[in-house]
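Student: Everything below, folded, please.
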Amino acid sequence: MQEKLEKKFHKFNHYSKKMWNFFWNDESIASWIANLIVAFIVIRFLVYPFLGLVLGTNFPIVAVVSESMEHGLHNEVICGQMYDRFPESFDNYWKVCGQWYEKQEISKEEFKKFPFKNGFDKGDVIILWRAKATNLEVGDILVFQGDKPQPIIHRLVKKWEENGEWYYQTKGEHNSASISGGLGEVKIEESRIYGQGLLRLPYLGWVKILFVDAVKPLGWKIER
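Tutor: As a prediction, the model looks like this:
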């Protein structure tokens, strides 16, 4: 009996060492792919749920997949206006886009005090915190569900109470106005809100974006 147990232990020890070397010392493509799969499983089923529990939201991490919060040109356009060149600075942004916010009674000085006052870029990752009426203020970043599978990440520009329920309006800072129609952002119900932007991690979202772009030709459906 003891001899059988020793054989099983040595066999287990042998395969454990082989597996360890495969993951940590092997430089083959198979090892690289296996590491990616394990990393995905750990993040998706351990890290992600743990962060969600700590931060109070089912969506603690989201990738920015559009240019709607950028303060520079995209296809030579910003806030609905075309330019050949557009030196990026807060003052230049406000000259072009500030009039919309001033109509919402948001001044330049107020905007400067907002979190992420210079917006953020496609490919960034945003860490979210639970969003409730008691802790949301004009100027905060909201992540909510729109008409597309990917959530929208825009700035809160209006908040009001109606028949005991809270509603919110947001706007993408690269856009000329708030999105209207359908599940737009002119009147967002609390049930559509995933969280409030807490922290920005530049560039990390490009991993998801490039992966989604790579699998689209294969017909795979990636929602989040």
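
Student: Report how many residues lie close to Thr134.
Tutor: 6 (other Cβ atoms under 10 Å). No exception for glycine: its C-beta is placed from N, CA and C like everyone else's.

Student: now stretch 80-89, how far from the centre of its chain.
Tutor: Offset of stretch 80-89 from its chain centre (Cα atoms, centre = their mean, to the nearest Å): 25 Å.

Student: typo on my end, it should be stretch 121-131
Tutor: 4 Å.

Student: Likewise for stretch 49-56?
Tutor: Stretch 49-56 sits 15 Å away from the centroid of its parent chain (Cα atoms, centre = their mean).

Student: ditto for stretch 138-154
Tutor: The answer for stretch 138-154 is 9 Å, by Cα atoms, centre = their mean.

Student: which of the residues in it are buried?
Tutor: By neighbour count on 16 or more other Cβ atoms under 10 Å, the buried set for stretch 138-154 is 138-146, 150-154.

Student: among those residues, which are in helices?
Tutor: Of the buried residues of stretch 138-154, none are assigned to helices by DSSP state H.

Student: what about the strands in this protein?
Tutor: For the chain, the strands defined by DSSP state E occupy 61-63, 77-78, 81-82, 125-129, 141-144, 152-162, 165-171, 188-189, 193-201.

Student: just checking, what packs against the fourth one?
Tutor: The contact analysis (3 or more Cβ pairs under 8 Å, 6 or more residues apart in numbering; DSSP states H and E) places strand 125-129 against helix 48-55, strand 61-63, strand 141-144, strand 193-201.

Student: Need the winner for burial among those.
Tutor: Mean neighbour count (mean count of other Cβ atoms under 10 Å) peaks for strand 141-144 among the helices and strands packed on strand 125-129, with a mean of 24.

Student: Adjacent strands (with direction) for that strand?
Tutor: Next to strand 141-144 in the sheet, as set by DSSP bridges, lie strand 152-162 (antiparallel), strand 193-201 (antiparallel).

Student: Can you give the contact residues for the last one?
Tutor: For strand 193-201, the external contacting residues (Cβ atoms under 8 Å, 6 or more residues apart in numbering) are 55-60, 62, 115-116, 120, 124-131, 135-136, 140-145, 151, 153, 168.

Student: re the thing from before, so among the buried residues of stretch 138-154, where is pLDDT lowest?
Tutor: Here the lowest pLDDT out of the buried residues of stretch 138-154 sits on Gln150, with 86.

Student: wouldn't that one be in contact with Phe59 here?
Tutor: No: between Gln150 and Phe59 no contact is recorded; they are 11.1 Å apart, counting by Cβ atoms under 8 Å.

Student: which one is Gly98 nearest to, not counting chain neighbours?
Tutor: Lys108 (5.9 Å; Cβ to Cβ, 6 or more residues apart in numbering).

Student: what number of residues lie near the one you found?
Tutor: Neighbour count for Lys108, taken as other Cβ under 10 Å: 13.

Student: Please apply the same query to Ser107.
Tutor: By the measure other Cβ under 10 Å, the count of residues near Ser107 is 12.

Student: And Gln81, by the same measure?
Tutor: 12.

Student: That one is in contact with Lys95, isn't it?
Tutor: No: counting by Cβ under 8 Å, Gln81 does not reach Lys95; the two are 10.4 Å apart.

Student: For Val47, give me the pLDDT.
Tutor: The predicted local confidence for Val47 comes out at a pLDDT of 72.

Student: number of nearby residues for it?
Tutor: So Val47, with other Cβ under 10 Å, has 13 neighbours.
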